[in-house]
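# Provided below for reference: sequence and predicted model.
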Amino acid sequence: MASVIELLRSVAGLREPVTLVYNSGSRPGQAREVIPVSLTNDELVAIEPGSDALKTYKLDRVASVQLRNGTCATNELASAPALPVLPEAPVLKTLNEYVEFYRSELTAAGWHLYEDSDSFGIAARFKNGKPKKTSSVLIRYFDPRTETVFDLESEELKVVSRELTGRERPWRVDSWRFKTGKTFAEVQVAFAHFLCEVRASDPDTAKNVWAGH
């Protein structure tokens with residue numbers, strides 16, 4: 001069976017994209033598509049589809065490679081994914097207080113801000129500088145005392161009360177880097193994750209993966 005290095009070497013320079021699981025960088029452990037350009041003894045040089053910027057990947061952190069034809073190789077000795085280092089968010093009481101505390105940083109970075117009573121999002125920008133209509137990273141609060149259910153009799157959605165258990169996680173963070181949102185019990189922890197995603201993103205290149213705010 002071919003090794004990770006052998007597969008990468010077989011397509012390097014051919015402009016053929018491969019699926020790479022890389023246990024480092026901004027998306028540790030997540031599959032990504034790259035186009036191998038060249039290999040050294042310990043690094044892969046590649047570009048991402050649609051980009052001409054060269055990036056380097058440590059070969060000992062490449063967990064797996066899959067070619068377009070389905071051929072796959074894994075590296076059982078790859079370094080484990082690094083855990084994200086969360087910024088230390090101050091202890092504040094409300095989402096609005098966090099927004100005001102970090103507002104100058106977010107606007108200075110070039111983000112467009114979407115604000116609501118129960119949500120806050122930052123939006124990437126088009127090349128002409130105009131903000132996109134959907135958020136790239138979003139933090140939201142959902143009232144745990146109610147839930148929306150489908151009423152079979154009226155065949156309509158309605159809001160009903162629900163009993164609290166003490167294990168509610170009413171805060172949710174969505175990011176263009178997540179497949180699904182992450183939920184949290186406390187606003188401080190939720191905003192720390194929100195801020196981590198914001199600082200790992202770029203207002204000129206971040207994508208959007210869901211609609212609405």
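Yep, it's here.
# Over to stretch 40-48 now: how far is its first residue from its last?
Criterion CA to CA, to the nearest Å; first-to-last residue distance in stretch 40-48 is 18 Å.
# buried residues in it?
Along stretch 40-48, these residues count as buried under the neighbour rule (16 or more other CB atoms under 10 Å): 44, 46-47. Just so you know, the C-beta spots here come from the backbone N, C-alpha and C atoms, and that holds for glycine as well.
# Let's see which of those residues end up in strands.
Per DSSP state E, strands hold the following members of the buried residues of stretch 40-48: 44, 46-47.
# Give me the secondary structure label for Val99.
helix (DSSP: H, G, I helix; E, B strand; the rest coil).
# Please tell me I have it right and it contacts Ser117.
No - Val99 is not in contact with Ser117 according to CB atoms under 8 Å; the separation is 11.3 Å.
# low-scoring stretches of this protein, by residue?
Counting by pLDDT under 70, the chain contains low-confidence ranges at 1, 26-27, 81-86, 205-213.
# now the strands for it?
For the chain, applying DSSP E gives strands covering 18-22, 30-39, 43-47, 55-58, 62-66, 72-74, 112-115, 119-123, 137-141, 146-151, 156-161, 171-175, 182-184.
# Put together CSV for those strands, with distance to Leu8 on each row.
Shown next, in CSV, are the strands of the chain (distance: least, CB to CB, whole Å):
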stretch, distance to Leu8
strand 18-22, 7
strand 30-39, 5
strand 43-47, 6
strand 55-58, 9
strand 62-66, 6
strand 72-74, 9
strand 112-115, 39
strand 119-123, 35
strand 137-141, 32
strand 146-151, 48
strand 156-161, 50
strand 171-175, 29
strand 182-184, 32
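# Return the most buried member of these.
With neighbours defined as mean count of other CB atoms under 10 Å, the strands of the chain peak in mean count at strand 137-141, which reaches a mean of 24.
# Relative to that strand, what are the paired strands and their orientations?
Strand 137-141 has its sheet partners listed here by DSSP bridges as strand 119-123 (antiparallel), strand 171-175 (antiparallel).
# Show me the domain layout of this protein.
Per automatic domain parsing, the structural domains of the chain span 4-74, 95-199.
# any chance of the ones you listed in JSON lines, with distance to Pro87 too?
Below are these laid out as JSON lines (distance: least, CB to CB, whole Å):
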{"stretch": "domain 4-74", "distance to Pro87": "15"}
{"stretch": "domain 95-199", "distance to Pro87": "5"}
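# nearest to Ala89, of those?
When the domains of the chain are compared by CB to CB, domain 95-199 sits nearest Ala89, at 4.3 Å.
# Can you get me the start-to-end distance on the closest one?
End-to-end for domain 95-199, by CA to CA: 18 Å.
# Can you report how many residues lie near Ala200?
By the measure other CB atoms under 10 Å, the count of residues near Ala200 is 15.
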